[in-house]
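this is a predicted model, with the sequence first.
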Amino acid sequence: MVDYAGNGDYDPSTAVSLFDPGNWRKSFASEPNGGNCVEVNLAEDKVGVRDTKLSQSPVFVFGHSEWQAFLTAVKAGQFDLPQR
């Protein structure tokens with residue numbers, strides 16, 4: 001993993017203001033009652049991720065290349081739990 005200088009102004013509790021409120025999308029696999037899922041907001045230059053169950057959830061912000069790398073790893077099973 002590559003280390004890089006973080007944005008000193010970034011605050012996950014106020015990062016929601018960086019995104020259009022109408023663009024939050026949750027997984028089609030999310031349970032009707034909210035489930036254990038996240039919502040994603042794809043902006044022009046960034047991706048926001050927050051918890052669907054918490055209306056005031058902190059927002060974590062990623063670059064598009066970081067988000068794509070994460071999705072690739074998920075699809076490859078890199079985060080799957082070991083079989084028991």
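Cool, got the structure. The structure displayed is predicted, hence computed values, not measured ones. Numbers count the residues shown, from 1 in each chain.

please count neighbours and contacts with C-alpha atoms only from this point.
OK.

what segments of the protein are strands?
25-26, 38-42, 47-51, 60-62 (DSSP state E).

nearest to residue 82 among these would be which one?
strand 38-42 (22.5 Å; C-alpha to C-alpha).

what residues does the closest one touch?
Residues from elsewhere that reach strand 38-42, judged by C-alpha atoms under 8 Å, 6 or more residues apart in numbering: 19-20, 23-27, 47-52.

tell me the least confident of those?
Across the contacts of strand 38-42, the bottom pLDDT score, 75, is held by residue 27.

what's the pLDDT at the residue nearest to residue 79 when sequence neighbours are not counted?
Excluding its sequence neighbours, the residue lying closest to residue 79 (C-alpha to C-alpha, 6 or more residues apart in numbering) is residue 73, at 7.3 Å. pLDDT for residue 73: 96.

show me where pLDDT drops low in the chain?
1-9, 29-35 (pLDDT under 70).

in space, not sequence, find me the middle residue of this protein.
residue 49 (2.4 Å; C-alpha atoms, centre = their mean).

for that one, what are its contacts?
Counting by C-alpha under 8 Å, 6+ apart, residue 49 has contacts 38-41, 59-61.

before we move on, back to that, who wins for most neighbours among the contacts of strand 38-42?
Counting neighbours by other C-alpha atoms under 10 Å, residue 48 leads those with 24 neighbours.

who's in contact with that one?
Residue 48 is in contact with 16, 19, 40-42, 59-62, counting by C-alpha under 8 Å, 6+ apart.

what do you get if the cut-off is 6 Å, keeping everything else the same?
40-41, 60-61 (C-alpha atoms under 6 Å, 6 or more residues apart in numbering).
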